[in-house]
Every structure is written in structure tokens, then in C-alpha cells.
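1. sequence first, predicted model second:
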Amino acid sequence: MATTSNPSLDTRKFLLALFVDLVGDKNFSKCFKGAHRELHEFFWRLTRDEQSRPFVEELLFDTNGNYPHSDQIDEVLQEFQLSGVLSRPNPTYKYNDIGITTSPWADEFKDRLSPEHARTYSRILKDFKRELGVPAT
Amino acid sequence: MAQTFMNGVETLRGFQTRVDRFVADSLAGYDPVRHAKEKSIRDAIWGTSRFHPWEVAILDSPLLQRLRDIRQTGLAYLVYPTALHTRFDHTLGVVTLVSRIVQSINEKHLAYPKISHPEHFRLRLSALLHDVGHSCLSHVSETVYGRSEDFKALIIHINKDFGVTPKPHEILSWLVVRSERFKEFIDDLQKKTALLDWAELPEDIDEIAANIIGYRKDPTKKFLADIINGPMDADKLDYLERDAYFAGPTVAHDLDRFLHTIDAIEYPRDLNLPGQSAKVVRMSIPIEGATALEQIIISKLMLFSYLYHHHKIRCVEGMCHEVLRRFADLSNAN
């Protein structure tokens, strides 16, 4: 919706960077949890955190229901599914399988981060792995 | 923050004034009493449905009749020649589906029906008016005006005030129903015909409008807004059936089973969310409807691939976006 003033903090590229970094970690499987509520709550919490907010400035959340929910996240994930970045075995999926290991958009996103944003990104990535990552078996 | 809020309030006021003018112009000279008669209408998708006199009075008004000139799938008819159905046809279908959903939910709570008659009537009016804000070529023009700076400010303001994220055309429909002229129109209809005795105006009008953007002040009634604007609302269910039927691609799903299983279920509410209530009641599909839901989601994905995201349709939509943008620039410049 609202366009971010800093083009390096494009939410779509931010998500791609998270996926690429997750699959690059040998401690984790090449997927993240499909739990709708946990996923949306994770990104909603980022909008409430001063340092993380620039990464999700574009996102608006519906807070009139039982948990915060952003149609924009669902739309981006659907686009990723249609373009092969993600695959979801069926609509009652448990995991989102990540179909990419590299992305020029993700590289560009990380290259253009300021040192402060890079530190925040590392923290968000760590939280993303802990909360939504699936440890390798 | 205060500055942003003021800008949001002013933006909303500016939009409301313009929409008020549009509604007043549209309804000028229209006498609803002459049209307020019960009607049965045949529909290719849902069969014959009965419409109440007050619904026909609104349906026959220029506000709704203009939807006959707006194709449901915009420019898709250039690729799928029979996709000529309109927003008007779709609107009738959504009203019918709302009643089926209400019936399904109430059947599961026979002793204490979840949805009263007045609530049912108000939901049908929300369905009747849910697309009244659509502009030329349906979503094609929405993509252009919805990205203007003042519209983005309006969306952010509504998100802050109501905690919902409606689409631009839903916001315009909401503004139409909230307009002073529309309230006068309903008030006039009530006084002259006494047909709307069940309604408590103007609170009901605000509720009818709020359903369109998916907002409920009372979380225990959130499921009512979900029927009009939710993850799997009557609008989506109708357009999936209708667009597939008229465009031609074959998609298969068990909608009857889906409608049979639909229910209103209570959930604990995330306590970090705004508002006092710890519970919320949402329109839900129990596990026995999961297969039907899966089929519907797959049908939706297929329709996106065949129809909504068809490369040639996207191409011609892109050209129309450019034309509309130039119109908007010229209009702003003058």
C-alpha cells in the first residue's frame, strides 16, 4: 500500500532475502512453517518494533479479527507460489517449501542495507529461523 | 503522528464530500416508492431468487443500475468472448449466496439462531451495495485510482481507525452507503412505505456500510462482516462460480458441501490487538468441510492462471492503466 521511502527496504525483496538465507543454513530444512497465525503475527510484531518497521513499512494489518492478518503477505506468498519460489503441497499445508537457493533481488536488497539496517536484518533473520524455521533432521 | 491523523481525517472528509455529490446526482429525480415491489429474478448460476420490495427499490435506482454497464471481469472478454457478465449480475448472486450462508449457519443453531431476521436483512443490503463503488472496467481503474497518494492516505487512515484493510472499490462503496444523500434515500423509503420497520436508522446504515469493509465493532459479531468481506466470503464464492461459468474454463469444486459446513465459531483473541474483547466469533469451516475448501482454493488458483492473470489480458490491462493514468494526470493538471 504505502510505498517505502527507501527502495532498498522493499518487503518483497526482504522476504526473498529471508528465504535465501534460511535455505543457506545447514541447520534448517529448506522450508518454513505454514502456520498462518504464527507467520502473520511474526510480521505484525515487526511493524510494532521501531528498528524493524522500515522492513515492513508497506504492510497494513487487519486487527479486527482474532489475530493480526495482512492480505498483502498472503498475496506475495501466492505470487511466490505461482512463480515457483515457494511450493505448498496442498491448501492444508504444514510447510512452505522454498524453491530457490539464490536470488539477485535478495542480494541487491542486502547489499543496499545501511550498517544499522544490516544489524536489524540479522536479528530478524535469527528470530525468523527460531520461530518459523524447521530444524534439519 | 498527530499530523498524519489530521491529514487522514481531512482526506476522508474530502472523499466523503465528493462521493456525497456523486450519490446526490445519481439519485436526483428517482422515486423509490414506485419501484418498491417484491420480485423474483432468474440467475444462470443460482436459479430463481426472491428480492424484497426495499431491495428492489435500491436495485432499480441509478446507483445500482450503472453496474449493468461494468463488466465483472473487465477486459477479459477480449480473450474469453463470453465473459460479458456484469457487476449487476454478480451483485444479485452475492445477495442470494448471503441468504444461503445465513441459512446454513442458523441450521446449526436451531434453538438460538446466530443470525436474526433484521441482521439477515442488513446483510442482504450490504451484499446488494458491496460493489456500488466500482468504477469503469472494474479492477482495471481501481488499480490506477487506488495508487494515488490521497487514496493511499485514505486507506492508511481507515486501517488506523477500524483495523481493516479494504480494497479501494470497497472503500468507495462504504462511502456511498455512509453518504448523507443515501441515508436520506433510505429514510424516505422507510417513511413512505413503512417497509423497513425492522431497521433502526441510522445505526443500521452504518452497520450495513461497515460490513462492506469487513469491520465489526463487536467482535462477537465479526462473523457477520466475514460473510460480506472475509477470507472466503459470499463475494468470492459468487465470482468463482460466475467467472468460470461465463468465461468458460472448467473448474470443479463441491460448493454445496462447503455451504453446508459453514459455521460461526468462537475463538480466543490475541490480547495484543486493539479492543477489549478476549473472544471473537468468525465465519469458519469445520474439518468436515476442509476437502471442499481445498477444492475451492485450487479452483481459485486455476482461475487466476487461466483468467485473471492471463498474459494477454494482463497486457491489455497494462495499456488501459497507462491511458487512465494519463487521463488522471491531465485532469489534475487542469
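-> Looks like it came in fine.
2. excluding chain neighbours, give the residue nearest to B:Asp246 in space.
-> Quick fix: residue B:246 is Phe, not Asp. B:His85 (4.5 Å; C-beta to C-beta, 6 or more residues apart in numbering or on different chains). Every residue, glycine included, has its C-beta placed from N, CA and C.
3. the one you found: neighbour count?
-> 21 (other C-beta atoms under 10 Å in any protein chain shown).
4. state the distance from it to B:Asp69.
-> Distance, B:His85 to B:Asp69, by C-beta to C-beta, to the nearest Å: 12 Å.
5. ok, B:Phe304 next?
-> 26 Å.
6. export stretch A:77-95 as PDB, just CAs?
-> The C-alpha coordinates for stretch A:77-95 follow below in PDB (Å, rounded to 0.1, in the frame of the first residue of the first chain):
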ATOM      1  CA  LEU A  77       3.200 -15.700  -0.900                       C
ATOM      2  CA  GLN A  78       0.700 -16.600  -3.600                       C
ATOM      3  CA  GLU A  79       2.800 -14.800  -6.200                       C
ATOM      4  CA  PHE A  80       5.800 -16.600  -5.000                       C
ATOM      5  CA  GLN A  81       3.900 -19.900  -5.300                       C
ATOM      6  CA  LEU A  82       2.800 -19.100  -8.900                       C
ATOM      7  CA  SER A  83       6.400 -18.200  -9.900                       C
ATOM      8  CA  GLY A  84       7.900 -21.300  -8.300                       C
ATOM      9  CA  VAL A  85       9.800 -19.500  -5.400                       C
ATOM     10  CA  LEU A  86       7.600 -21.500  -2.900                       C
ATOM     11  CA  SER A  87       5.600 -24.600  -3.200                       C
ATOM     12  CA  ARG A  88       2.800 -25.700  -0.800                       C
ATOM     13  CA  PRO A  89       1.800 -29.300  -1.100                       C
ATOM     14  CA  ASN A  90      -1.900 -28.600  -0.700                       C
ATOM     15  CA  PRO A  91      -4.000 -25.900   0.900                       C
ATOM     16  CA  THR A  92      -3.900 -27.500   4.300                       C
ATOM     17  CA  TYR A  93      -0.100 -27.400   4.100                       C
ATOM     18  CA  LYS A  94       2.200 -27.500   7.100                       C
ATOM     19  CA  TYR A  95       5.200 -26.100   5.500                       C
END
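7. got a list of contacts for it?
-> Stretch A:77-95 has contacts (C-beta atoms under 8 Å, 6 or more residues apart in numbering or on different chains) with A:15-16, A:19, A:29, A:31-35, A:96-100, A:134, B:290, B:293-294, B:297-298, B:301, B:304-305, B:309.
8. all strands for chain A, in order.
-> In chain A, the strands defined using DSSP state E lie at A:28-33, A:86-87, A:95-98, A:133-135.
9. run the chain-centre distance for the second one.
-> Averaging C-alpha coordinates over strand A:86-87 and over its chain gives two centres that are 13 Å apart (C-alpha atoms, centre = their mean, to the nearest Å).
10. what's the local residue count around residue 16?
-> Unless you meant another one, I'm taking chain A. Using other C-beta under 10 Å: A:Leu16 sits among 24 other residues.
11. wrong one, chain B
-> By the criterion of other C-beta under 10 Å, B:Gln16 has 17 neighbours.
12. by mean pLDDT, point me to the weakest helix or strand of chain A.
-> helix A:71-82 (a mean of 87; mean pLDDT, DSSP states H and E).
13. any buried residues in it, and which?
-> Buried residues in helix A:71-82, counted by 16 or more other C-beta atoms under 10 Å in any protein chain shown: A:Asp71, A:Gln72, A:Ile73, A:Val76, A:Leu77, A:Phe80, A:Gln81.
14. chain center to it, what's the gap?
-> Centroid separation between helix A:71-82 and its chain, computed with C-alpha atoms, centre = their mean, is 11 Å.
15. what do you get for stretch B:176-183?
-> Using C-alpha atoms, centre = their mean, the offset of stretch B:176-183 from its chain centre is 16 Å.
16. next: stretch B:226-239.
-> Centroid displacement of stretch B:226-239 relative to its chain, using C-alpha atoms, centre = their mean, is 8 Å.
17. mind listing what's buried in that stretch?
-> So stretch B:226-239, judged by 16+ other C-beta under 10 Å, has buried residues B:226-239.
18. and the contacts of it?
-> B:45, B:72, B:90, B:93-94, B:97-98, B:101-102, B:123, B:126-127, B:130-131, B:166, B:170, B:211-214, B:255, B:258-259, B:282-283, B:285, B:293, B:296, B:300.
19. how does it look with 7 Å?
-> For stretch B:226-239, the external contacting residues (C-beta atoms under 7 Å, 6 or more residues apart in numbering or on different chains) are B:72, B:90, B:93-94, B:97-98, B:101, B:123, B:126-127, B:130, B:166, B:170, B:211-214, B:255, B:282-283.
20. keep only these that also lie close to chain A.
-> Taking C-beta under 7 Å from any C-beta of the partner chain as the test, chain A is in contact with B:Arg282 out of the contacts of stretch B:226-239.
21. tell me, how many residues neighbour B:Phe185?
-> Neighbours of B:Phe185 using other C-beta under 10 Å come to 22.
22. which secondary structure state does it sit in?
-> Three-state assignment for B:Phe185 (DSSP: H, G, I helix; E, B strand; the rest coil): helix.
23. model confidence score at the closest residue in space to it that isn't next to it in sequence, please.
-> Ranked by C-beta to C-beta, 6+ apart and with sequence neighbours excluded, the top spatial neighbour of B:Phe185 is B:Leu27, at 5.7 Å. Per-residue confidence at B:Leu27 stands at 95 (pLDDT).
24. ditto for B:Glu149
-> So B:Glu149 comes in at 87 (pLDDT).
25. on that earlier part again, who has more neighbours out of B:Phe304 and B:Asp69?
-> Using other C-beta under 10 Å, the more surrounded residue of B:Phe304 and B:Asp69 is B:Phe304, with 14 against 10.
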